[in-house]
Every structure is written in C-alpha cells, then in structure tokens.
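Q: based on what follows, work out the 3D shape:
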Amino acid sequence: QVQLVESGGGLVQAGGSLRLSCTVSGPTFDSYTMTWFRQAPGKEREFVASITWDSTLTSYVDSVKGRFAISRDNSKNTVYLQMNSLKPEDTAVYFCAAEPGRLRTLSRRTQDYVYWGQGTQVTVSS
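A: Just a heads-up that it's a prediction; the model follows:
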C-alpha cells in the first residue's frame, strides 16, 4: 500500500517562507512523477509544481514561478516544495500526488495521479 504523508504547512505572514515535505511509503518512489496541487476554499484543485522521477524536468504554474521550488530526495522517498515570498492568495490545502512510471512528460491533470496525500494547510496572512 502506497501512502503519502505531507507536512510543513502552517500560518505565515505575507512575504514569509514555508517548506512542505511529502514522504512516500514503498520501494518504488524513484519511479514516480511527483506533483504538488492545492485547493483553496470554494475552488477546484489546481496544479502547482511537478518533478520527474530523476529530477531532470520541473514545471510550475505561472503564479508561483520564481517563488516556489520543487525538489526530491529519492534516498529519503521525499519530495519538497520550498515556498518563498508567500502571498495571501497562496492560502490553500496543499496535496502531493504520485504518478507511477518513469515518464518524460509532466501532467497537470489530477486524473493522471494515482496516489494522493491527505493534504496540509497553508495559510498566509496579509
């Protein structure tokens, strides 16, 4: 059973930083595309950032480019999202998701992801 557990969320002032972590159980983490999504109250879940299994390719939604950075440590079965210069509009529940297969493309569609975490709340105050 593959389980994803997010951590690192919290309350921060605008302009501050947080680092989210997502640890994945199981022996095949290094074959997954890993992606962060977020969902604000009353809104649909949206793509934030994604990284290939070997870290050679990353992708970001335009609204976080230059502020957020996704990375992974396959030796620790963990993917990270470093979030800097946070804005109130970044407030949401952040989810990590895994897509199996050593893919060379990055999907932004929620339906392509098989495994999901429970989410971690990020709240940015103005």
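
Q: tally of neighbours for D62?
A: By the criterion of other Cβ atoms under 10 Å, D62 has 6 neighbours. Every residue, glycine included, has its C-beta placed from N, CA and C.

Q: ok, N84 next?
A: Using other Cβ under 10 Å, N84 has 14 neighbouring residues.

Q: for it, give its distance to G66.
A: 9 Å (Cβ to Cβ, to the nearest Å).

Q: then V122?
A: To G66, V122 is 18 Å away according to Cβ to Cβ.

Q: check R72 too.
A: Taken as Cβ to Cβ, the span from R72 to G66 is 20 Å.

Q: which secondary structure state does the residue nearest the centre of the chain sit in?
A: Per Cα atoms, centre = their mean, the C-alpha nearest to the average position across the chain is that of W36, at 2.2 Å. Following DSSP: H, G, I helix; E, B strand; the rest coil, W36 is assigned to strand.

Q: I'd say it and Y94 touch.
A: Yes: counting by Cβ atoms under 8 Å, Y94 is a contact partner of W36 at 6.0 Å.

Q: where do the contact lists of the two overlap?
A: Shared contacts of W36 and Y94 (Cβ atoms under 8 Å, 6 or more residues apart in numbering): 20, 48, 81.
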